[in-house]
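Novice: Mind folding the following:
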Amino acid sequence: MCDIMKKFKLLIVASLVLISMLCTLWGCNTNTNPQKAQAEIYALDTIIEITAYGEKAQEAITAAKAEIYALEKLFSVTDTDSDTHRINTAQGNPVKVSDEVYTIIEKSLEYNTLTKGNFDITLYNVTKLWGFTTDSQRVPEDYEITEALKNTGSHKVTLYGNNEISVSEGTALDLGAVAKGYIGDRVAEVLSDSGAEYGIISLGGNIRTFGEKADGSKWRTGIRHPHENGYFIIADTGEVSVITSGAYQRNFTVDGKTYHHIINPETGYPSESDAQSVTIIGTDGALCDALSTAVFIGGTEYADKLYKELQNFEYIILSKDNTVYASQGLKGSLELSHNYKDMEIIYR
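Specialist: This is a model prediction of the structure:
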C-alpha cells in the first residue's frame, strides 16, 4: 500500500475518533429526549456526519444527503460533468452554469478582494504541480511555479451575468477552499426546511450547527490539535459555522521538509506563516471557509487586522509556538481542554 493511501486511511480513522469526541462535547442528549437520526457518508473528499433531531429528522437527513451529492456534482474539479470542470476546459469561452456555481464564484471573487488576495480560487494549476489532487506529490521546479502563477488571479475570471462565466486560457478554478462552508449552510437550511428542529453537520474540518437545542444550552465544539490526537480547546457557540484550516490535513515530506496543501497565492509555495491551525467562527459558512484559508496564509497579525476591518467573524489561531490567539468576541466562550491547560490564550 502506498504511503498516501496509508495516510488517508489513518486520517479517516482519526476523523471518526474525533467525530465521536465531538458528539460527546456537543451534549445532544437532553431531558426532552427528541427523536434522533444520524447518517455518515463520504463526499467532498471527506467523511460527512449529519445528526438531526425532531420527529422528521430521518426524512430531513435523506433530503440533506441528496443536497450534498447534488452540490458535489456541480462543484467538483475532477468530475468531468461538473460546472467547474466545464469552465476549466472551455479554453476561455463563456460557460452557462448553475445558480449555485455562479453564486459561489461571485462570492469567491468578493472574498479575494476582502482578503487582499490571500484567498484565491484560481490556483488549481499550481496545486496540481504539487500533486495535492493526485497520488504523485512532488516539489515542483521554480520555473514551473513561475509559469503557473502567470495564469492566476481574480482578473482571470469574467462574470457575464445570466449565469455565464469564463476564465482566461491556461487558468483553472478550484472551489475546494470555499465549497464545504457554502454546502454546510445549504445543508443546514435543507434540514431545517425538511422538519429537523436542530442538529450538527460535520464536514471534515468544518462544523455547522443549526437550531436551538431542546435544553437551551449552547453548542460545544472541540477544535482538534493539528499534531496530536484530540482537541486542544472547546468553544461554546450559537448557531454558526466553525471552520478549521491546518497544514496537517494534506501534506507530504521530501528530504526531511514537510510541504502542505495551503498554497500562498503570491509565491506558489505552501504558506509559511506563524499559524499551525486557524479556526474561523461565524454565521456565513462560505465566508468562514475562505477566511480560514486566508488567515492561515496571513498569520496572526494579519488575522487581527482583518478582524478589526470586517467585524463579522471570530477566530482561534494556534501558533507554531503553541500560543492560542483568539478574537475579543470569544472571551468567556473558550476553554482549554485538560491536556492543554498550560497553554496561554491571548485575546486580541
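
Novice: Where do the strands of the stretch 1-150 of the chain begin and end?
Specialist: Applying DSSP state E, counting those that start in this stretch to the stretch 1-150 of the chain gives strands spanning 36-43, 46-53, 95-96.

Novice: Next, the residue nearest to the spatial centre of the chain: phi, psi?
Specialist: Centroid-nearest residue in the chain, with Cα atoms, centre = their mean: residue 289, separated by 4.5 Å. When quoted as degrees, to the nearest 10, the phi and psi of residue 289 stand at phi -60, psi -50.

Novice: Now the closest residue to it other than its chain neighbours: which helix or strand?
Specialist: Nearest-residue entry for residue 289: residue 181, 2.8 Å, with adjacent residues in sequence omitted and distances by Cβ to Cβ, 6 or more residues apart in numbering. To be clear about C-beta, it is placed using only N, CA and C from the backbone, and glycine gets the same treatment. In this assignment (DSSP states H and E), residue 181 forms part of helix 176-193.

Novice: any idea which helix or strand comes after that helix?
Specialist: strand 198-203.

Novice: ok, the residue nearest to the centre of the chain touching residue 176?
Specialist: No. Taking contacts as Cβ atoms under 8 Å, residue 289 lies outside contact range of residue 176: 9.3 Å.

Novice: What are the contacting residues of stretch 54-61?
Specialist: The contact list for stretch 54-61 (Cβ atoms under 8 Å, 6 or more residues apart in numbering) reads 34-39, 50, 52, 190-192, 194-199.

Novice: ok, back up a step: what's the closest of the strands of the stretch 1-150 of the chain to residue 229?
Specialist: Taking Cβ to Cβ, strand 46-53 is the member of these nearest to residue 229, at 16.4 Å.

Novice: Just checking: what are the partner strands of the closest one?
Specialist: Strand 46-53 has these partner strands in its sheet, going by DSSP bridges: strand 36-43 (antiparallel), strand 198-203 (antiparallel).

Novice: and the residue nearest to the centre of the chain, what does it touch?
Specialist: 177, 178, 179, 180, 181, 182, 206, 241, 243, 280 are the contacts of residue 289 under Cβ under 8 Å, 6+ apart.

Novice: what is the mean pLDDT for stretch 321-330?
Specialist: Averaging pLDDT along stretch 321-330 yields 97.

Novice: cool, and stretch 249-268?
Specialist: 94.

Novice: Just the endpoints, please. Distance across that stretch?
Specialist: 18 Å (Cα to Cα, to the nearest Å).

Novice: what about it, distance to the chain center?
Specialist: Its chain's C-alpha centre and that of stretch 249-268 lie 17 Å apart, by Cα atoms, centre = their mean, to the nearest Å.

Novice: Tell me which residues are up against that stretch.
Specialist: 4, 11, 117-120, 123, 126-127, 129-132, 137-139, 145-146, 148-149, 152-153, 204-205, 245, 247-248, 269-272, 293, 296-297.

Novice: what about burial for those, which qualify?
Specialist: For these, a burial check counting by 16 or more other Cβ atoms under 10 Å picks out 11, 117-120, 123, 126-127, 129-132, 137, 139, 145, 148-149, 152-153, 204-205, 245, 247-248, 270-271, 293, 296-297.
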